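> Build the 3D model from these lines:
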Amino acid sequence: MAEEMFRPPVNRAMRVLDRSFFQKKIPVSAARVVDNKTISKCRSELFRSKDALLLERYQIVRPDPTETDAKAGKKCILLRPQVDDKGNCADYPWSKTVAELEKSNMINIVPYEINLDYDYWDYQDIASAVLPQSEEHDEIPSGFTLVGHVAHLNLREQYMPYKNIIGEILVDKNPAVRTVINKIDDVGEESEYRTFKYEVLAGPDDMDVEIREADCTFKFNYAKVYWNSRLNTEHQRLVDAFEKGQAVCDVMAGIGPFAVPAGKKGVFVWANDLNPDSHESMLDAISRNKVQKFVKPFNEDGHVFIKEAARKLLKTEHEVQILAKQSRTEAKETKAPPKVLRTVKQPKVFSHYVMNLPATAIEFLPAFSGLYTEEDRKLLPAGFKLPMIHVYCFDTKSDDNVQEGISICKKISEQIGFEVTPQTPELSIFDVRDVAPKKRMFCASFRLPEEVAFRPRQSLPTR
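Take a look at the predicted model:
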């Protein structure tokens, strides 16, 4: 009952957000502190006895309710209502501490009126007072993905009549949010670039965002490229698997969430994406994060790029000088170029291929058939290892993922024309995240079999 007193007024017929509606005056009592020097002592004792009002986001030491006393600097401490959770008043009085402080002439009990308005209540409070309550509306939609200043919602059908009011409340109650959008189709349903249709629920239609991930800055238009903030831990997991000085081929690189942090780590990355807008944003990220020496961007078809990149890397000479760090003062005083600590040569072979296009990446695997020709074999360094392939995919979900592992291995085997099983050495199937009630995203990692890499290219046609 006491909690109910501090909830906002309810209006479930509201369809246009009326902020002025949310006003509430709540009569309570306050302990007027006779001598301001004892405020701390009085406050401590009233908290200890649980007589002080506990109200989130509200300062309980207030100016005295009488204007003349308030101007004189007098303070009061708000007391909890004498009401328990069942609405009983007489059974839940203040403790004897209040009477003792009053008898000691440290406090006087006076009436006080708390005024709460729209700015006080949070998103959950306001939304609960506006949205309908029923089995159909079982929970308030509060989850969203934040990409820069854009909050991305996936509203259920039953909340569509309230979409704009939900958007406005989200903007009001989240300082980082300026624009709220709702996705109106599945990612990739209309575009091979994994973009999606959306509608603006609140704020300007401004999709030019800037985000930070893995100590890197990315700027892009969220409407034109693919980005998923929920994959940040997966990006980091795979980048951690790359070693400095290795070469990585990122076939569906997007704007560079794998490539740019890897380049910052000192990994050579050939990063490709078919989407011209993604390519432009990746160029910006490479420059912005100063990884030009390690990350090389491409804008090609992934099926072709898999083979072309492997052959070109064999014949490419590239090295990076690692320089000693200099302060601005040192550089100005010495006027000498920084000392070269070591020179890192780009390898002739890729240690990893990344294929982050879960809806169709497995269909690109036939391109690895005949990755190297017999002529290429002569150029390969002695003792080299064939690359690890990290292919993302969707499958069903279960508690142990055993059947999913079998299913994924079967799909890989069909595409590369070579049997891969859950028992294959160096194979792992990592559970990335749930994407729907019966759908999960996985990353299958396996070393490219020699029988596939050196197979005559005519044996298994690529797309």
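> Show me where the stretch 51-200 of the chain has its helices.
Taking DSSP state H, counting those that start in this stretch as the criterion, the stretch 51-200 of the chain contains helices spanning 67-71, 96-103, 123-130, 163-173.
> Please identify the most buried of those.
Counting by mean count of other CB atoms under 10 Å, helix 163-173 has the highest mean neighbour count of the helices of the stretch 51-200 of the chain, with a mean of 20. For glycine as for every other residue, the C-beta is placed from the backbone atoms N, C-alpha and C.
> who does that helix touch, helix- and strand-wise?
helix 123-130, strand 150-153, strand 179-183, strand 198-202 (3 or more CB pairs under 8 Å, 6 or more residues apart in numbering; DSSP states H and E).
> closest one to residue 373 among these?
strand 179-183 (44.7 Å; CB to CB).
> Columns distance to residue 194 on top of the helices of the stretch 51-200 of the chain, output as a markdown table?
Compiled in a markdown table, the helices of the stretch 51-200 of the chain are given as follows (distance: least, CB to CB, whole Å):
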| stretch | distance to residue 194 |
| --- | --- |
| helix 67-71 | 60 |
| helix 96-103 | 63 |
| helix 123-130 | 29 |
| helix 163-173 | 24 |
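> Can you say which of those is nearest to residue 185?
helix 163-173 (15.4 Å).
> would you put the C-alpha positions of stretch 65-83 in CSV?
In CSV, the C-alpha atoms belonging to stretch 65-83 read as follows (Å, rounded to 0.1, in the frame of the first residue of the first chain):
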residue,chain,number,x,y,z
PRO,A,65,7.8,23.2,4.5
THR,A,66,7.2,26.7,6.1
GLU,A,67,8.6,29.3,3.7
THR,A,68,10.1,31.6,6.4
ASP,A,69,11.8,28.6,8.1
ALA,A,70,13.1,27.4,4.7
LYS,A,71,14.6,30.8,4.0
ALA,A,72,16.3,30.7,7.4
GLY,A,73,17.9,27.4,6.3
LYS,A,74,15.8,25.1,8.4
LYS,A,75,15.6,21.4,7.3
CYS,A,76,13.3,18.5,7.8
ILE,A,77,13.6,14.7,7.3
LEU,A,78,10.8,12.9,5.5
LEU,A,79,9.2,10.0,7.5
ARG,A,80,7.7,6.9,6.1
PRO,A,81,3.9,6.7,5.9
GLN,A,82,2.3,4.9,8.8
VAL,A,83,0.9,2.3,6.5
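> Any stretches of this structure with poor pLDDT?
Scanning the chain for pLDDT under 70 picks out the ranges 1-2, 84-91, 134-138, 186-191, 331, 457-463.
> give me that answer again for 50
Along the chain, the parts satisfying pLDDT under 50 run over 1, 188-189, 459-463.
> and the longest helix for it?
Across the chain, the longest stretch assigned as helix under DSSP state H is helix 402-416.
> Could I get the buried residue list for that helix?
404, 405, 407, 408, 409, 411, 412, 415, 416 (16 or more other CB atoms under 10 Å).
> and what of stretch 275-282?
For stretch 275-282, a neighbour-count test (16+ other CB under 10 Å) marks 275, 277, 278, 279, 280, 281, 282 as buried.
> One more: stretch 99-115?
When neighbours are counted by 16+ other CB under 10 Å, the buried residues of stretch 99-115 are found to be 101, 102, 106, 107, 109, 112, 114.
> part of a helix, is residue 384?
No. Using DSSP: H, G, I helix; E, B strand; the rest coil, the assignment for residue 384 is coil, not a helix.
> Quickly find the element holding the residue nearest to residue 253 when sequence neighbours are not counted.
Leaving out its chain neighbours, the residue that sits closest to residue 253 by CB to CB, 6 or more residues apart in numbering is residue 271, at 3.8 Å. Assessed by DSSP states H and E, residue 271 sits inside strand 268-272.
> elements contacting that strand?
Here strand 268-272 touches strand 247-250, helix 259-265, strand 295-298, helix 302-314, going by 3+ CB pairs under 8 Å, 6+ apart.
> Other residues contacting the second one?
Helix 259-265 is touched from outside by 213-216, 218, 235-236, 239, 242, 244, 248, 250, 253, 269, 271, 282, 285-286, 289, 291, 293-295, with contacts defined as CB atoms under 8 Å, 6 or more residues apart in numbering.
> Buried among those? Need that as a selection in ChimeraX.
Burial among the contacts of helix 259-265 is assessed by 16+ other CB under 10 Å; the matching ChimeraX selection reads:
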select :213,214,216,218,235,239,242,248,250,253,269,271,282,285,286,289,291,293,294,295
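> Show me the contacts of helix 259-265 that map onto strands.
If you go by DSSP state E, those have 213, 216, 218, 248, 250, 269, 271, 295 in strands.
> What about residue 141, how many residues nearby?
When neighbours are defined as other CB atoms under 10 Å, residue 141 has 19 of them.
> Same question for residue 78.
A count of nearby residues for residue 78, using other CB under 10 Å, gives 21.
> list the contacts for it?
With contact set as CB under 8 Å, 6+ apart, residue 78 has these partners: 28, 29, 30, 31, 52, 53, 55, 60, 61, 62, 112, 114.
> Please check those residues and keep the buried ones.
In terms of neighbour count (16+ other CB under 10 Å), the buried residues within the contacts of residue 78 are 28, 29, 30, 31, 52, 53, 55, 60, 61, 112, 114.
> Looking at these, which is nearest residue 306?
residue 55 (61.1 Å).
> Looks like the closest one contacts residue 5 (just checking).
No. Residue 55 is beyond contact range of residue 5, at 9.9 Å (criterion: CB atoms under 8 Å).
> Next, the contact list for the closest residue to residue 126 other than its chain neighbours, please.
Take residue 126 and drop its neighbours on the chain: the residue closest to it by CB to CB, 6+ apart is residue 169, 5.2 Å away. By CB under 8 Å, 6+ apart, the contact set of residue 169 is 17, 123, 126, 127, 130.
> Among those, give me the pair with the biggest separation.
17 and 123 (12.1 Å).
> I'd guessed residue 211 sits against residue 232; true?
No. In this structure residue 211 lies outside contact range of residue 232 using CB under 8 Å: 9.6 Å.
> Name the residue in the two with the higher neighbour count.
Neighbour count, other CB under 10 Å: between residue 211 and residue 232, residue 211 has more, with 20 against 13.
> Could you pull up the residues touching that one?
Residue 211 neighbours (CB under 8 Å, 6+ apart): 147, 148, 217, 218, 227, 229.
> For those residues, which single residue is the most surrounded?
Within the contacts of residue 211, neighbour counts (other CB under 10 Å) peak at residue 218, which reaches 25 neighbours.
> Give the bridge partners for that residue, please.
Here residue 218 sits in beta bridges with residue 211, as judged by DSSP bridges.
> Do I have it right that it meets residue 210?
Yes. Counting by CB under 8 Å, residue 218 does reach residue 210; the two are 7.1 Å apart.
> Select, out of the helices and strands packed on helix 163-173, the one closest to residue 348.
With distances scored as CB to CB, the stretch of those nearest to residue 348 is strand 150-153 (41.9 Å).
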